[in-house]
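Asker: Model the following, please.
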Amino acid sequence: MKQQFVLAILFLALAPLSAQKINGEVENGKEALTIGAIKEIQSKALSEKRILNIYLPDGYHPDSAATYPGIYLLDGSAHEDLLHIIGLVQFMNMYELMPGSIVVGIANVDRYRDFTHPTTDPEDLEALPTGGGSEKFIDFIEKELQPFIEKNYKTNGTRTVIGQSMGGLLATEVLLKRPYLFDDYIIVSPSLWWDRQSLMNSADSTLRANPDLHKKVFVSLGEEHPVMHEVADKLVNAIRNSGNENITLFYEPILDEDHATILHAAVYKAFKVMNDRYRLLREFQRQTEQWRQAYNSGEAQNLAPLYSEDARYISSHVSGLEANGREAVIANFQKGKNMGGHIDSIEILTMDISDGLVTLLCKYQATNSGETVVGRNLLVLKKVNGAWLITLHMTVV
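Answerer: Alright, predicted model coming up:
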């Protein structure tokens, strides 16, 4: 019975085979559409050459000071998950839902060998006779792949791994055995039934033994065999019961998908929830720029839509300078405008989210009477009718 289940999972995971190619060919003398680069490295750990498909974000330049997070995609061959994951990254970055990222698609040679740890289960051995090589593959990631990417590309040190099915098994093994390799884990329909669920049998004790892990873990699966739900629940419960508040867990079953169709929808949702802080920061950067433009317009009343009715303004370095209520706050800013004040720039330094409030510490540069002034503002915002409004504006030294 189990063997039938294993074979069914393997069948659903298979993709049509095609040539390893993402650059296309010049046809009728016209330039090909190129979305990435193909690199080849020799792996000592695996004793073979491995192909990498690498996507660089829009605006990437080797001489730029900008750096980018890295997304490591298991099943990263061109005919597997590479193209649609790159599409998600490009789309979500375009709409500022996640930062521009370097995608490293790891093309497969034998995914069943690379993604599975050794098993003593006879049915596993019969179904996947080449299995059991995950330790060497993880060595390849740690000692060869990641150093190659960091040496040759402008990374910022933040790493995400994406794995589905057997790839989800491998991603979970890394989380439990070498968690330092990645910051964020996107684990979809993980085949944790492998080797009589041995990874899950030790997951509780492993996670409890590592209470200082700072990770984000996203787990998802579709409408699948009950065993798949059983093992996914074990992983989720092990994380929840670890006592580690530094692991941020997202558990998002998508039950209108199945094992074959789940990945795209799951990764979209993972990117969205795991980058929520980035999205908010971009939103508030736009809002502070809106504030700057409204102030410089000469009519402080243009600031009114950005403040709540009960807004307060406090100056920490001018004794007694305080305004209570939106109209009083606006009147205070009008006095500054009447004295010729001009805000040159505003930069968000820190952002904290707690109890439905967002606190921003901002650095500003202003011009007053021809002199440049640099200072800081503390802004506290709350959501009112779907919009973030400033409820406290404090000038701090």
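
Asker: Identify each buried residue in the longest helix along the chain, please.
Answerer: Ranked by residue count and defined by DSSP state H, the top helix of the chain is helix 276-296. Judged by neighbour count using 16 or more other CB atoms under 10 Å, the buried positions of helix 276-296 are Y278, R279, L281, R282, F284, Q285, Q287, T288, W291, R292, A294, Y295. Placement of C-beta: from N, CA and C, glycine included.

Asker: May I see those residues organised as TSV, with distance to T34 added?
Answerer: Compiled in TSV, the buried residues of helix 276-296 are given as follows (distance: CB to CB, whole Å):
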residue	distance to T34
Y278	27
R279	29
L281	31
R282	28
F284	36
Q285	32
Q287	37
T288	37
W291	41
R292	39
A294	43
Y295	45
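
Asker: Looking at the residues you listed, which is nearest D344?
Answerer: Distances from D344 to the buried residues of helix 276-296, taken as CB to CB, are shortest for R292 (8.2 Å).

Asker: Does that closest one touch I346 like I think?
Answerer: Yes. A contact is recorded between R292 and I346 when judged using CB atoms under 8 Å, the distance being 5.2 Å.

Asker: Centre of the chain to whichever strand or helix holds M394, how far?
Answerer: Using DSSP states H and E, M394 maps to strand 387-396. On the basis of CA atoms, centre = their mean, to the nearest Å, strand 387-396 sits 28 Å off its chain's mean C-alpha point.

Asker: Report all helices and strands that it contacts.
Answerer: With contacts defined as 3 or more CB pairs under 8 Å, 6 or more residues apart in numbering; DSSP states H and E, the secondary structure elements packing on strand 387-396 are helix 276-296, strand 307-315, strand 357-368, strand 371-384.

Asker: Rebuild these as JSON lines, extending it with mean pLDDT.
Answerer: JSON lines is the format used below for these (pLDDT from 0 to 100):
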{"stretch": "helix 276-296", "mean pLDDT": "95"}
{"stretch": "strand 307-315", "mean pLDDT": "95"}
{"stretch": "strand 357-368", "mean pLDDT": "94"}
{"stretch": "strand 371-384", "mean pLDDT": "94"}
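
Asker: Distance to I86 for these - can I get that in JSON lines?
Answerer: Formatted as JSON lines, the entries for these read as follows, by distance: least, CB to CB, whole Å:
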{"stretch": "helix 276-296", "distance to I86": "19"}
{"stretch": "strand 307-315", "distance to I86": "41"}
{"stretch": "strand 357-368", "distance to I86": "32"}
{"stretch": "strand 371-384", "distance to I86": "34"}
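
Asker: among those, which is nearest I186?
Answerer: Closest to I186 of the helices and strands packed on strand 387-396 is helix 276-296 (CB to CB; 14.6 Å).

Asker: okay, the closest one in CSV with CA atoms only?
Answerer: The C-alpha atoms that make up helix 276-296 are tabulated as CSV, following Å, rounded to 0.1, in the frame of the first residue of the first chain:
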residue,chain,number,x,y,z
ASP,A,276,5.2,41.9,4.7
ARG,A,277,7.7,44.0,6.7
TYR,A,278,9.4,45.0,3.5
ARG,A,279,6.1,45.9,1.9
LEU,A,280,5.1,48.1,4.9
LEU,A,281,8.5,49.8,4.9
ARG,A,282,8.1,50.7,1.2
GLU,A,283,4.6,52.0,1.9
PHE,A,284,5.8,54.2,4.7
GLN,A,285,8.7,55.5,2.6
ARG,A,286,6.2,56.6,0.1
GLN,A,287,4.1,58.2,2.8
THR,A,288,7.0,60.2,4.3
GLU,A,289,7.9,61.4,0.8
GLN,A,290,4.2,62.5,0.4
TRP,A,291,4.6,64.3,3.8
ARG,A,292,7.7,66.1,2.5
GLN,A,293,6.0,67.2,-0.7
ALA,A,294,2.9,68.4,1.1
TYR,A,295,5.0,70.4,3.6
ASN,A,296,7.0,72.0,0.8
